[in-house]
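J.: show me the folded form of this:
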Amino acid sequence: MRMNLSLGCGLPVRVATKAVCVFESVINISEGIDTVTVDALRAAAGDTAVDVHVDADHHRSVFTLAATTLDPVTAAAQALTRAAAARLDLDGHSGVHPRFGAIDVVPFVTLLPEATARNAVVDAARSYARWAGEELGIPTFLYADADPLARTLPDVRRTAFTSRPPDFGPTVAHPSLGAIAVGARPPMIAVNVELATDDLVAAQAIASALRERSGGLPGVRTLAFPLASRGTVQVSMNLVDLEATGMEAACSAVAEAAHGAGLAVARVELVGLVPEGECARWSPWFREWTDFDERITIEARVRAVQ
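T.: Numbering: from 1, shown residues only. As a prediction, the model looks like this:
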């Protein structure tokens, strides 16, 4: 059975093997319905916007900003944030994905293993968080490597404005924009496995069984969502430790659990892009099953715009 792949922005891509140094920011925006607004935000980010994934059910868009140096990424992140702050309002926003801000999550990432590169993205995250808090008046919360206490994104969502004050900006949520979680982290993958059913309880059971916090797969965070536009449900995964659990292992586990419950997988949907190193791990079976290949790697998209 072949799966459908959402390639996001649909940029022309050439596959190459030349190594490329990549920095990125994967910005999650609470807007996935108004295509005019999404197009305007992508334009604000310029050529660094190498992928945009839009989801109306989640009412959310994920902008992957990437370049071979960090400065263009940080500049584009600020430009995209300014454009979003001018256009968006959380009042009346509805979507199945949890959020606490219009510019909801802003992580900075490097694919390089060197400590200097990792330190650079930490500095970029903290600088962005201070800028958004002080210049735009949006409360910001640091997470992962940007946070001196290394608190996770789920921790931020659970404790923001209750037991934890913002790191920068006002101490109360912005009236129309909420707050921003700003992090520095290793590469991760967001992937959705859609089931050929509308049984949300079944999807929730699969998500719970695979979730690391529940004793499931290491480095896997999962939620189950209904997709009203398709009449189905999905198991949505963030794979935050790719060495422990890669994309093929996680998607295969969902498929196996679904089969055990008498259900079928309708499609696998990638949210954003993947590192080339992860793509190289995929078996021929997984590539055939999903139709995923090197065109959806971060490095290939950066090469395409160089």
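J.: where along the protein do the strands fall?
T.: 23-29, 49-55, 60-67, 103-110, 140-144, 180-185, 189-195, 220-227, 232-239, 265-271 (DSSP state E).
J.: residues in contact with the last one: which ones?
T.: Contacts of strand 265-271 with the rest of the structure, by CB atoms under 8 Å, 6 or more residues apart in numbering, involve 1, 3-6, 53, 55, 62, 189-196, 232, 234, 251, 254-255, 258, 289-290, 292, 296. Backbone N, C-alpha and C define where each C-beta goes, glycine included.
J.: select only the buried ones of those in PyMOL?
T.: To isolate the buried ones among those in PyMOL, judged by 16 or more other CB atoms under 10 Å, type:
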select buried, resi 3+5+53+55+62+189+190+191+192+193+194+195+232+234+251+254+255+258+289+290+292+296
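J.: which helix in this protein has the most residues?
T.: Longest helix in the chain by number of residues (criterion: DSSP state H): helix 115-135.
J.: pLDDT weak spots in the protein?
T.: Where the chain drops to pLDDT under 70, the residues are 1-21.
J.: mind checking how far the residue in it sticking out farthest from the centre is from Thr197?
T.: Centroid-distance maximum for the chain: Gly262 at 29.8 Å, with CA atoms, centre = their mean. As for Gly262, its distance to Thr197 is 9 Å (criterion: CB to CB, to the nearest Å).
J.: contacts only, for the residue nearest to Pro72 when sequence neighbours are not counted.
T.: Nearest non-adjacent residue to Pro72, counting by CB to CB, 6 or more residues apart in numbering: Thr48, 5.4 Å away. Counting by CB under 8 Å, 6+ apart, Thr48 makes contact with 65-67, 72-73, 76.
J.: now do Ser208
T.: 214, 216, 222.
J.: again with Gly272
T.: 8, 26, 51, 53, 62, 64, 189-190.
J.: do the same with Pro166
T.: The neighbours of Pro166, taking CB under 8 Å, 6+ apart as the test, are 133, 139-141, 160, 179.
J.: hmm, which two among those residues are most spread apart?
T.: Longest distance between any two of these is 13.2 Å, between Gly133 and Ala160; criterion CB to CB.
J.: overlap of the contact sets of those two?
T.: Shared contacts of Gly133 and Ala160, counting by CB under 8 Å, 6+ apart, come down to 139, 166.
J.: neighbour-wise, which of the contacts of Pro166 leads?
T.: Within those, most neighbours by other CB atoms under 10 Å means Phe141, with 30 neighbours.
J.: isn't that residue right next to Ile180, touching?
T.: Yes: using CB atoms under 8 Å, Phe141 is in contact with Ile180, at 7.3 Å.
J.: how far away is the closest residue to Trp282 other than its chain neighbours from Phe292?
T.: Leaving out its chain neighbours, the residue that sits closest to Trp282 by CB to CB, 6+ apart is Glu248, at 5.3 Å. Applying CB to CB, the value for Glu248 to Phe292 is 9 Å.
J.: which of the contacts of Ser208 lies closest to Leu90?
T.: For the contacts of Ser208, the nearest to Leu90 is Thr222 (25.0 Å; CB to CB).
J.: that closest one: neighbour count?
T.: When counting by other CB under 10 Å, one arrives at 25 neighbours for Thr222.
J.: so what's it up against?
T.: 207-208, 210-211, 216, 235-238.
J.: what bridges to it?
T.: Residues in a beta bridge with Thr222, per DSSP bridges, are Met237.
J.: and if you look at Val268?
T.: For Val268, the beta-bridge partners under DSSP bridges are Val193.
J.: mind checking how far it is from Leu142?
T.: Distance, Val268 to Leu142, by CB to CB: 32 Å.
J.: can you check Ala202 too?
T.: 37 Å.
J.: please identify which of the two sits among more neighbours.
T.: Leu142 (24 against 19).
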